[in-house]
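> fold the following and give me the result.
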Amino acid sequence: MRKALLAALMLAGAVLGWGWWHSQTHADVHIAINDVALKTARQRWAPLESGSLVLRDAGGRALAHGRLAAPHGIVEFSDDAAGDCSRFERQVPQDAAARAGWQACYEGRSRWQAGWARKVALASITTGTCTIDKVPVRVRRYDDWWLWWVPLPHVGGTPSAYCAFDLFVDSAACSAVKPAP
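Just a heads-up that it's a prediction; the model follows:
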């Protein structure tokens, strides 16, 4: 009985250890660049839809470069070692080769993002003729994978850290804006 209990505890420890390691070496990043110059009567800001972005650490060192893609201002990274995974998303979902390609691309991208996501503090944004340096980044990190992770591909998948970055600018004044609460 003791050996079975010890084996079960060791297996649980190994599974949780692997989950922790995977969440430290893989990350999903979401970036929202909010422009208060685009506010309306119904919203306080709207997404900036065109331009380029450089994410930086607290010392100003460049960590990642990207461009904003219309119509929703989604950031596409130009220095992503894995490349643009959306090329696989445009293919037929039932295509096994496209799914395998997307999985391999996503694996590379999540490893690459984990290498810099925890260091982001500032950003530089260029839109039109306006360049805004030292834009503060409101960072939200979710490393609570162990609360919900189930190591089954059809239930929980593999655990990753999730990082959400919110940036606030005023493109009309060409300035950074204090993040909204």
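> surely Gly101 is in a strand?
No. Counting by DSSP: H, G, I helix; E, B strand; the rest coil, Gly101 is not part of a strand but helix.
> could you tell me the per-residue confidence at it?
Note on Gly101: pLDDT of 86.
> please determine how far the closest residue to it other than its chain neighbours is located from Ala100.
Nearest residue to Gly101 in three dimensions, chain neighbours excluded: Phe88, at 4.7 Å (C-beta to C-beta, 6 or more residues apart in numbering). For glycine as for every other residue, the C-beta is placed from the backbone atoms N, C-alpha and C. For Phe88, the distance to Ala100 (C-beta to C-beta, to the nearest Å) stands at 9 Å.
> equivalent analysis for Trp116, please.
26 Å.
> and those two? Which one has more around it.
The neighbour count for Trp116 versus Ala100, taken as other C-beta atoms under 10 Å, is higher for Trp116 (18 against 11).
> list the contacts of the closest residue in space to Tyr142 that isn't next to it in sequence.
Closest residue to Tyr142 apart from its sequence neighbours, by C-beta to C-beta, 6+ apart: Tyr162 at 4.3 Å. Tyr162 makes contact with 27-28, 30, 141-142 under the criterion C-beta atoms under 8 Å, 6 or more residues apart in numbering.
> for Tyr162, helix, strand, or coil?
Assignment for Tyr162 (three-state DSSP): strand.
> for the residue nearest in space to the middle of the chain, report the pLDDT, please.
Residue closest to the mean C-alpha point of the chain, counted by C-alpha atoms, centre = their mean, is Val29 at 0.5 Å. With respect to pLDDT, Val29 scores 93.
> Ser23 now?
86.
> residues of whichever strand or helix holds it that come out buried?
Element membership of Ser23, judged by DSSP states H and E, is helix 2-25. Within helix 2-25, the residues that count as buried by 16 or more other C-beta atoms under 10 Å are 19, 22-23.
> now do stretch 39-46
Trp45.
> starting at the chain centroid, how far to it?
A distance of 25 Å separates the C-alpha centroid of stretch 39-46 from that of its chain, computed with C-alpha atoms, centre = their mean, to the nearest Å.
> dump that stretch to CSV, keeping only the CA atoms.
Backbone C-alpha positions of stretch 39-46 (Å, rounded to 0.1, in the frame of the first residue of the first chain) are rendered in CSV as follows:
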residue,chain,number,x,y,z
LYS,A,39,-13.0,57.7,-28.5
THR,A,40,-16.7,58.0,-29.2
ALA,A,41,-19.8,58.7,-27.1
ARG,A,42,-20.0,54.9,-26.5
GLN,A,43,-16.3,54.0,-25.9
ARG,A,44,-13.4,55.7,-24.1
TRP,A,45,-10.9,54.4,-26.7
ALA,A,46,-10.5,52.2,-29.8
